[in-house]
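> following is a predicted model, sequence given first.
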Amino acid sequence: MAPTRLAEGFCFGEGPRWFEGLLWLSDMFGEAVHTVDLSGSTTTLALPGHTPSGLGFRPDGTLLITSTRNRQVLRYDGETVAVVADLAGLAGADLGDMVVDDSGRAYIGSQARENGVIVRLDPDGAAKVVADGLDFPNGMAITEDRSTLIVAESTGRRLTAFAIGGDGGLHHRRTFAEGLDGPPDGIAIDADGGVWTAMTLAHQFQRVAEGGTVTDRIDIGDRVAIACALGGPERRMLFLVSATDAYPERLIGTKNSRVDTAIVDVPGAGLP
């Protein structure tokens, strides 16, 4: 399938989320969060002094934003931005992606290349490490039945699944897929249990079934696949965020990151 361009002019897009009829995405070194509607029109929330990445919405609509290098979590209530948590004491590396569950608990990756962790931030502000030993935890999503969290381990080139306990803990770690064609970055789950994955160095977005079989591919030429989200009408629009380099620091001052779309057969499911 040939992608259709939706919006461009970002420095390094990350963390796309479909919410209330809009695509939300971070621009890490553009120090902003943007919304994009289906016509391609954008709005901008400037975040000077922050390098935003993971995004997630609490049940009341509050947006949570990871400030990667500050190792903080920000809250945007539609009017003001405030720091709600400082995770520097728990996160040994920069923060990355995030997924928020129906109770408002945020699962946040700390992106160490070895022994990375997932921190759970509860609505009351309490935070704890709920998974460790991960090789650069990146994109995260929760299945439709809310029983499983899947995380992309970028340097491990695998997708890893955890059972979610009633207390929000992560247990029974298992490999969902390994030996992937490239380091996986952002992910999205569909209604048949497939995981759309941004394969950065493979220059593709791939749909991966449990066990590792690739059932669909979207090639993006010489661009680098960064992250994806399922949304739009019937949640069958796959938003494809790409850049011209896998290392965001090299792109500071540029505006070559963009969002394309493709219509897929199986609609999105789960969270985000």
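Alright, I've got the coordinates. Residues are numbered from 1 along each chain as shown.
> which regions of the protein lie under the pLDDT threshold?
Counting by pLDDT under 70, the low-confidence segments of the chain come to 1.
> ok, 90 please
Counting by pLDDT under 90, the ranges of the chain that qualify are 1-2, 114, 246-249.
> how many residues are close by Val129?
For Val129, the tally of surrounding residues (other CB atoms under 10 Å) stands at 15. Bear in mind the C-beta positions are built from the backbone N, C-alpha and C, glycine included.
> how close does it get to His171?
14 Å (CB to CB, to the nearest Å).
> for Gly15, same thing?
For Gly15, the distance to His171 equals 26 Å [CB to CB].
> neighbour count: those two, which is higher?
Neighbours were counted for Gly15 and for His171 using other CB under 10 Å; Gly15 has more, 27 against 11.
> so that one touches His34, yeah?
No - between Gly15 and His34 there is no contact under CB atoms under 8 Å: 10.8 Å.
> list the residues that contact both of those two?
Residues touching both Gly15 and His34 (CB atoms under 8 Å, 6 or more residues apart in numbering): Trp24, Leu25, Ser26.
> so how many other residues sit close to the last one?
Taking other CB under 10 Å as the criterion, the count of residues near Ser26 is 32.
> again with the second one
The number of residues packed around Leu25, counting by other CB under 10 Å, is 28.
> can you classify Thr44 by secondary structure?
strand (DSSP: H, G, I helix; E, B strand; the rest coil).
> residues touching it, list them.
Contact analysis of Thr44 by CB under 8 Å, 6+ apart lists Ala32, Val33, His34.
> and Pro272, by the same measure?
Applying CB under 8 Å, 6+ apart, one finds that Pro272 lies in contact with Arg17, Trp18, Phe19, Leu55, Gly56, Phe57, Val99, Val100, Ala141, Ile142, Ala188, Ala229.
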